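Participant: whatever this is, show me its structure:
(2 chains)
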Amino acid sequence: MSVTAVTRSTTPVSTRQDWGGSSFPQQVWVLTGRSMQALKDPRLLVMSLLQPLIMLTLFSQVFKGMAYAPGFPRGVDYIDYLMPAILVTTGSQAAMWAGAGLANDLKNGALARFRSLPISMFSLLTARSVFDTVRNIIQLSTLLLGAVVLFGFGPSGGVAGTVAALVLALIVGWGLSWLFMALGVWVRNLEVMQMIGMVAVFPLMFASNAFAPLESLPGWLQAIAKVNPLSYAINGSRGLALGDLELTPIFWAVVISGIIALLGGFAAGRGIRKP
Amino acid sequence: MNDLMIDAVDVTRTFGDVTALDRVSLRVPRGTVTALLGHNGAGKTTLVNVLSTVLAADGGSARVAGFDVAAEGHRVRARIGLTGQFASVDEQLTGTRNLVLIARLLGAGKREANRRAAELLELFDLADAAGRKVSTYSGGMKRRLDLAASLVGHPDVVFLDEPTTGLDPTSRLGMWEIVERLVDDGTTVLLTTQYLEEADRLADAVTVLSKGQVVAAGSAAELKANVGQRTVALTVTDADDVPAALRALRAAGFDPIHEGSHRAITIPVEAANALATVVRALDTAGAEVAELALHEPTLDDVYLTLTHQAAA
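Facilitator: Okay, here's the model as predicted:
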């Protein structure tokens, strides 16, 4: 077979009625719609709203005594201290679920078909990210509402400060979700992903200033908590909610989230084409 | 209109130490069906994955629908349909939603996507199940929906990877009819199969793969003529006539085989007109024949001969 024969037919006579393909935003829109189907399952919706509320109830009651710990800000209710941190940790847990969800979705036959369609596989990751962010907004808003109604959450930062704290938690969750999506793409196993989530996220949650002031932690834990990126996010979120604005932790939380998103997005984009 | 819709030259792909494809070349003209025949692990699926741009080749080149699979993957994907061994559909969505999703991703508007979905569901006899979740479908229904999904964009080239494996005979027949209809419409089809009957029935050309290499290529008839062996099978009425019959056949230049059933004789022959010579020889021996038949070689014979040669 000669090389000329190979390059001969360069203008294919197409019999297909050409829809002209879809743009990247169109792909993201359609694929996000596909993911949104999951939210229509009332069981899943109720459970995903109930879970953080239960966590909030347990943490706020079990760790109530922390309000008397050394270094606890004077005159602040424990719920007002805890809630901004819960926003960040719940957002991070959601990121872990994004990775697990993606790993699970990759087993779905539909994904195999997407690889043979003229679409960007990155649109699939973006759609997943949009979906998870929407779900996170719903979850965190419900959580805030629950905290206000059930536990009298009313930080001195007011509504504006609380909303800003929520947005920061969303940014951190979004950044982390790309890291977990990259892991999900390469691991492709729901159980392993859940284990990674447990092993990575829970220690990060507790080895931080989420539930108690840094000063009350044992020395070695303090050392970890100080460099834990979640501590920055929690400090930032807490500062916003309590009206005690500190820009440095917010800056670092956003920058670190952005870097993680960039690296995770790159790794996930490379891995998702693999059949 | 005899341009090549698939033109693969020396395609090579390895997975670690395993060479899945070893300099495989394949040419499929427009509007024809080519069957890739081979055992599990022969490289059929790998070749389909390379041609459908799902996998990158390590060596060689391939053009599908006129575009290079490595450099112009996006344009190739716009013109192909792929139906893999496992139903590539979303079990959590309804049949309609599955097809609409694909049409929308191909750029169709909402109304157009719905119209195309309805049309295909009707064509594949799934209209009644259109609104049901795919998880409630039977295996045959999933396969039909999967094939429908690969046809949403009116592809020029359709890859069918073992489309009828695991289907009951009726569903298999239905799948064959659909493939025939596709070809009538001018679509080019590359199908992989382990069923020789399927290749025989559907394919204009057959390529036999063994251990990642092409061991034979041609029309089913050519392969049978070149590799297969015609045989005459006969049964004599009286077992006592067998020695005389064997002697007469050897005298006529044949190499008769007498084994198994004691009244049966098998004679490998070169051409169909050898039948007359056989009859004359038996007449001379005075052997009374109860049954006499000329057997054309089947693709099974061809396949077994070729893969055996390749393995040796």
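
Participant: in this structure B:Thr32 contacts B:Thr187, no?
Facilitator: No: using C-beta atoms under 8 Å, B:Thr32 makes no contact with B:Thr187, being 9.7 Å away. Backbone N, C-alpha and C define where each C-beta goes, glycine included.

Participant: between these two, who's got more neighbours?
Facilitator: B:Thr187 (23 against 17; other C-beta atoms under 10 Å in any protein chain shown).

Participant: what about the strands in the chain?
Facilitator: No chain specified, so I'll use chain A. Counting by DSSP state E, chain A has no strands to list.

Participant: please refer instead to chain B.
Facilitator: Counting by DSSP E, the strands of chain B are B:4-15, B:18-29, B:33-37, B:59-64, B:67-68, B:80-83, B:157-161, B:188-193, B:205-210, B:213-218, B:230-236, B:264-269, B:289-295.

Participant: any residues touching the third one, and which ones?
Facilitator: Spelled out, that is strand B:33-37. B:6, B:26, B:28, B:44, B:47-48, B:179, B:183, B:188-194, B:196, B:198-199, B:202-209, B:299, B:303 (C-beta atoms under 8 Å, 6 or more residues apart in numbering or on different chains).

Participant: change it to 7 Å
Facilitator: The contact list for strand B:33-37 (C-beta atoms under 7 Å, 6 or more residues apart in numbering or on different chains) reads B:28, B:44, B:47, B:179, B:183, B:189-193, B:196, B:199, B:202-209, B:303.

Participant: what does the second one give?
Facilitator: With C-beta under 7 Å, 6+ apart as the contact definition, strand B:18-29 has outside contacts at A:1, B:2, B:4-14, B:34, B:43, B:46-47, B:50, B:60, B:188, B:190, B:207, B:212-214.

Participant: same thing with the last one?
Facilitator: The contact list for strand B:289-295, computed with C-beta under 7 Å, 6+ apart, reads B:Arg230, B:Thr231, B:Val232, B:Ala233, B:Leu234, B:Thr235, B:Val236, B:Thr237, B:Ala272, B:Leu275, B:Leu282.

Participant: PyMOL command to pick out the buried ones of the contacts of strand B:33-37?
Facilitator: A single PyMOL command is used to select the members of the contacts of strand B:33-37 judged buried by 16 or more other C-beta atoms under 10 Å in any protein chain shown:
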select buried, chain B and resi 28+44+47+179+183+189+190+191+192+193+196+199+202+203+205+206+207+208+209+303
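
Participant: picking that back up, give me the buried entries from the contacts of strand B:289-295.
Facilitator: B:Arg230, B:Thr231, B:Val232, B:Leu234, B:Val236, B:Leu275, B:Leu282.

Participant: residues from chain B in reach of chain A?
Facilitator: Contact residues (C-beta under 7 Å from any C-beta of the partner chain) of chain B with chain A: B:3-4, B:7, B:9, B:25, B:49, B:52, B:54-55, B:61, B:63, B:65-66, B:74, B:77-80, B:82, B:84, B:86-90, B:92-93, B:101-102, B:104-108, B:149, B:153-156, B:186.

Participant: if I read this right, A:Phe122 contacts A:Ala268, doesn't it?
Facilitator: No: the pair A:Phe122 / A:Ala268 is not scored as a contact, 8.3 Å apart, by C-beta atoms under 7 Å.

Participant: and these two? Which one has more around it.
Facilitator: A:Ala268 (27 against 16).

Participant: sorry, back to before: just put the strands of chain B in CSV and tack on mean pLDDT.
Facilitator: What follows is the strands of chain B, written out as CSV (pLDDT from 0 to 100):
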stretch, mean pLDDT
strand B:4-15, 95
strand B:18-29, 94
strand B:33-37, 94
strand B:59-64, 95
strand B:67-68, 96
strand B:80-83, 93
strand B:157-161, 95
strand B:188-193, 94
strand B:205-210, 91
strand B:213-218, 89
strand B:230-236, 86
strand B:264-269, 86
strand B:289-295, 86
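
Participant: lowest-pLDDT helix or strand in chain B?
Facilitator: helix B:299-311 (a mean of 71; mean pLDDT, DSSP states H and E).

Participant: what does B:Gly109 show for phi and psi?
Facilitator: phi -70, psi 170 (degrees, to the nearest 10).

Participant: pLDDT weak spots in chain A?
Facilitator: A:1-17 (pLDDT under 70).

Participant: quick one, which of the residues of chain B next to chain A are buried?
Facilitator: By 16+ other C-beta under 10 Å, the residues of chain B next to chain A give B:4, B:7, B:9, B:25, B:49, B:52, B:54-55, B:61, B:63, B:65-66, B:77-80, B:82, B:84, B:87-90, B:92-93, B:101-102, B:104-108, B:149, B:153-156 as buried.

Participant: ok, the closest residue to A:Ile234 other than its chain neighbours - contacts?
Facilitator: Leaving out its chain neighbours, the residue that sits closest to A:Ile234 by C-beta to C-beta, 6 or more residues apart in numbering or on different chains is A:Ala85, at 4.6 Å. Shown in contact with A:Ala85 (C-beta under 7 Å, 6+ apart): A:Ala210, A:Phe211, A:Ile234, A:Ser237, A:Arg238.

Participant: count the residues that sit near the third one.
Facilitator: So that's A:Ile234. There are 29 residues near A:Ile234, going by other C-beta under 10 Å.

Participant: quick check: ChimeraX command selecting the buried ones in the contacts of strand B:18-29.
Facilitator: To isolate the buried members of the contacts of strand B:18-29 in ChimeraX, using 16+ other C-beta under 10 Å:
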select /B:4,5,6,7,8,9,11,12,13,34,43,46,47,50,60,188,190,207,212,213,214
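
Participant: coming back round to it: state the pair within the buried ones among the contacts of strand B:289-295 that is farthest apart.
Facilitator: B:Arg230 and B:Val236 (20.3 Å; C-beta to C-beta).

Participant: phi and psi next, for A:Ser22.
Facilitator: Torsion angles, degrees, to the nearest 10, at A:Ser22: phi -120, psi 150.

Participant: no further queries at this time; thank you.
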